[in-house]
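Enquirer: Here is a sequence together with a model predicted from it:
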Amino acid sequence: MEKIGKDKTKQEVKCAQDLDEKASSVTVSPADATLKEPLQAPSCVQEEKEEKLSGAILKIAIEDEKIQKELEEKLRKTNTSFTFWRRNLRSEKRRLTIAVSMQMPLINSTLTVLRKCPS
């Protein structure tokens, strides 16, 4: 009975060796149908990457436009505020110029009196 088991094992080993020899002698050509499918997969992956990239670019463009509008609004508000303060400063300058010019005769007469006083 042991002999039958050894013979069967020898046959299995021989069969496995024959399969290895046959497998090593088989060459796969690029035209083989099994290779066509994996070669197509990168194009699907490429399309998916392009779609993701397009989506990302679109999101960036929308975000950029939103930020641009916010900055333009802040600039408009700043310009409005600047214009307001510039007008107020001009007005205050005119008021002070008028006040000083009205006080000039009094200042001059005071200076004249002070010059005449003995030190």
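Expert: Here it is on my side, so go on.

Enquirer: how many other residues sit next to Leu71?
Expert: With neighbours defined by other Cβ atoms under 10 Å, the count for Leu71 comes to 10. Every residue, glycine included, has its C-beta placed from N, CA and C.

Enquirer: What's the separation between it and Asn79?
Expert: Distance, Leu71 to Asn79, using Cβ to Cβ, to the nearest Å: 12 Å.

Enquirer: can you check Lys14 too?
Expert: Lys14 is 93 Å from Asn79, where distance means Cβ to Cβ.

Enquirer: Need the single longest helix in this structure, by residues.
Expert: Selection of the longest helix in the chain by residue count, based on DSSP state H, yields helix 33-116.

Enquirer: Just the buried positions in stretch 80-95, please.
Expert: Residues of stretch 80-95 classed as buried by neighbour count (16 or more other Cβ atoms under 10 Å): none.

Enquirer: meant to ask about stretch 110-119, not that
Expert: Result for stretch 110-119 [16+ other Cβ under 10 Å]: no buried residues.

Enquirer: same question for that stretch, mean pLDDT?
Expert: Average pLDDT, stretch 110-119: 85.

Enquirer: Same question for stretch 61-73.
Expert: Here stretch 61-73 scores 96 as its mean pLDDT.

Enquirer: How far does the longest helix of the chain sit from its chain's centre?
Expert: Computed by Cα atoms, centre = their mean, to the nearest Å, the chain-centroid distance of helix 33-116 equals 20 Å.
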